[in-house]
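# prediction below, plus the sequence it came from.
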Amino acid sequence: MGKPKKRTSPRRTGTRRSHLVLKLARAVNGKSPIKAFTTRKESGKTLSAKINASNKVQKV
């Protein structure tokens, strides 16, 4: 079965494959200690800084 690449109707938003993957990755990042890549601005140094800040708060 094929994967959705683009939306099929002009009114149905969020059905592009990249949007579905992004939504799933954000859900995983909210719960899992292992982080999935979302976007360039949300991942990397920014994400690790947030994780380190939250870990310091929890340890104190």
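Great, that's in hand. Numbers count the residues shown, from 1 in each chain.
# tell me, what residue is most central in this structure?
Geometric centre of the chain, nearest residue: Arg26, 2.8 Å, by CA atoms, centre = their mean.
# do I have it right that Gly14 meets Lys23?
Yes: contact criterion CB atoms under 8 Å: Gly14 and Lys23 qualify, at 7.3 Å. Just so you know, the C-beta spots here come from the backbone N, C-alpha and C atoms, and that holds for glycine as well.
# could you check which of those two is surrounded by more residues?
Lys23 (12 against 9; other CB atoms under 10 Å).
# what mean pLDDT does the helix or strand Thr46 falls within have?
For Thr46, the host element (DSSP states H and E) is helix 45-59. Averaged over helix 45-59, pLDDT sits at 74.
# distance of the residue nearest to the centre of the chain relative to Ser54?
Shown here: Arg26 relative to Ser54, a distance of 16 Å by CB to CB, to the nearest Å.
# repeat for Arg40
Taking CB to CB, one finds Arg40 at 21 Å from Ser54.
# which parts of the helix holding Thr46 are buried?
Within helix 45-59, the residues that count as buried by 16 or more other CB atoms under 10 Å are Leu47.
# any idea of the pLDDT on Ala27?
In this model, Ala27 is scored at 92, pLDDT.
# the strand or helix carrying it packs against which elements?
For Ala27, the element it lies in under DSSP H and E is helix 17-31. For helix 17-31, not one helix or strand is in contact under the criterion 3 or more CB pairs under 8 Å, 6 or more residues apart in numbering; DSSP states H and E.
# with only the CA atoms kept, save that helix in PDB.
Extracted in PDB, the C-alpha atoms of helix 17-31 (Å, rounded to 0.1, in the frame of the first residue of the first chain):
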ATOM      1  CA  ARG A  17       3.600  12.400   4.700                       C
ATOM      2  CA  SER A  18       6.100  14.900   6.100                       C
ATOM      3  CA  HIS A  19       3.400  16.400   8.400                       C
ATOM      4  CA  LEU A  20       2.300  13.000   9.600                       C
ATOM      5  CA  VAL A  21       5.900  12.000  10.400                       C
ATOM      6  CA  LEU A  22       6.400  15.400  12.200                       C
ATOM      7  CA  LYS A  23       3.300  14.900  14.300                       C
ATOM      8  CA  LEU A  24       4.400  11.400  15.300                       C
ATOM      9  CA  ALA A  25       8.000  12.600  16.100                       C
ATOM     10  CA  ARG A  26       6.700  15.300  18.400                       C
ATOM     11  CA  ALA A  27       4.500  12.900  20.200                       C
ATOM     12  CA  VAL A  28       7.500  10.500  20.700                       C
ATOM     13  CA  ASN A  29       9.600  13.400  22.000                       C
ATOM     14  CA  GLY A  30       7.000  14.300  24.600                       C
ATOM     15  CA  LYS A  31       7.200  10.900  26.200                       C
END
